[in-house]
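Undergrad: Fold the following for me, if possible:
(one chain, ligands or ions: 1)
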Amino acid sequence: MSTHIGANMGDYADTVLLPGDPLRAKYIAENFLTNAKQVNSVRNAFGYTGEYKGHRVSVQGSGMGIPSMSIYINELVKFFGVKTIIRVGSCGGMAPDVHLRDVLLASGSTTDSAVTANTFGPGIHYAPLANFELLDTAFHEAQKMGIKPKVGDIFAADRFYNDELDMKKLADYGVIGTEMESAGLYLLGAKLHFRALSVLTVSDLIFGEEKTTAEEREKTFNDMINISLATAIA
Ligand SMILES: Nc1nc(Cl)c2ncn([C@@H]3O[C@H](CO)[C@@H](O)[C@H]3O)c2n1
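TA: Okay, here's the model as predicted:
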């Protein structure tokens, strides 16, 4: 076991779906995997391993924000040998053609996170990018399902409540959505040499009033889950 994950070597599959919400991890395990076994419950950061269409897949809750997620990613990769991590999460839509429940694929992730700034020091503004093979696969698996994901830059914010930020300017420069993890996932993918991708569902609209309920955010994002699982086993 590692510091924050009470599992044994071999308990996690090479590929892990990583929702922020541990209850979404439970939902995925119970509704999409067969022979699913809980492999972690430390701090209620539920983790499960099961099968999807004959392939071994795990799902692990990461918590909200890059600091929490980074703990789980470091341990999944360094202690449990995970090779591919697909974040399945919610985000706020920021582009005119992005609507509630749309699926977004983060090709890159602009951020205000201290984690990326502290990695390179002043003057370097690193570009966290998705693994292209996963991105390409997810896009085409989605199309096979009749879903056309929007692909673009996702702003990973250190804070959920950040009204000091000029989100309109970010949108004007092409940012299509905001959440709190993708930049850290991609930075760590590059550092620790695992494949990384964020597959997101729009749960809120930054410049609009519409929102999905907490229940919807937990249960109705099946398109994102189906795309991520198809990508995981491709
Ligand atoms: N900043 C931010 N803003 C909006 Cl509009 C969000 N919609 C969903 N999330 C995600 O959901 C959690 C916050 O509710 C975080 O894990 C974050 O990744 C959002 N995070």
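Undergrad: for the residue in the chain positioned nearest to the ligand, what are its contacts?
TA: The nearest approach of the chain to the ligand comes at Gly92, 2.4 Å away (C-beta to the nearest ligand atom). Any C-beta I mention is one placed from the backbone N, CA and C, and that applies to glycine too. Neighbouring residues of Gly92 by C-beta atoms under 8 Å, 6 or more residues apart in numbering: Gly177, Thr178, Glu179, Val202, Ser203, Asp204, Leu205, Ile206.
Undergrad: if I pick Glu25, what's in contact with it?
TA: Glu isn't right for residue 25; it's Ala. Leu17, Pro19, Phe46, Gly47, Tyr48, Val59, Gln60, Gly61.
Undergrad: which pair in those residues spans the largest distance?
TA: The most widely separated members of the contacts of Ala25, counting by C-beta to C-beta, are Leu17 and Phe46 (12.1 Å).
Undergrad: what's the overlap in contacts for those two?
TA: Ala25, Gln60.
Undergrad: Please say which of those two ends up with more neighbours.
TA: Leu17 (29 against 23; other C-beta atoms under 10 Å).
Undergrad: Distance check, the more buried one against Asn44.
TA: In this view, Leu17 and Asn44 are 18 Å apart by C-beta to C-beta, to the nearest Å.
Undergrad: same thing with Phe160?
TA: In terms of C-beta to C-beta, Phe160 sits 20 Å off from Asn44.
Undergrad: With Tyr52 instead?
TA: Tyr52 is 24 Å from Asn44, by C-beta to C-beta.
Undergrad: Same question for Val88.
TA: In terms of C-beta to C-beta, Val88 sits 18 Å off from Asn44.
Undergrad: Tell me which of the two has more neighbours.
TA: The neighbour count for Val88 versus Asn44, taken as other C-beta under 10 Å, is higher for Val88 (24 against 11).
Undergrad: Specify the local secondary structure of the more buried one.
TA: Going by DSSP: H, G, I helix; E, B strand; the rest coil, the secondary structure assigned to Val88 is strand.
Undergrad: Is it in contact with Asp223, as I believe?
TA: No - Val88 lies out of contact with Asp223 (C-beta atoms under 8 Å); the separation is 10.5 Å.
Undergrad: For the chain, name the helix or strand with the lowest mean pLDDT.
TA: helix 214-219 (a mean of 66; mean pLDDT, DSSP states H and E).
Undergrad: contacting residues around the residue nearest the centre of the chain?
TA: The centroid of the chain falls nearest to Arg87 when counting by C-alpha atoms, centre = their mean (2.0 Å). Going by C-beta under 8 Å, 6+ apart, Arg87 touches 17-19, 62, 69, 181-182, 185, 196-200.
Undergrad: Mind checking which of those residues land in strands?
TA: Leu17, Leu18, Ala196, Leu197, Ser198, Val199, Leu200 (DSSP state E).
Undergrad: where exactly do the helices run in the chain?
TA: 22-32, 66-78, 114-120, 132-144, 167-172, 182-192, 214-219, 222-233 (DSSP state H).
Undergrad: Residues of the protein that sit close to the ligand?
TA: 20, 64, 89-92, 157, 160, 178-181, 203-204, 206 (C-beta under 6 Å from any ligand atom).
Undergrad: Of those residues, which is the nearest to Pro122?
TA: Ala157 (20.4 Å).
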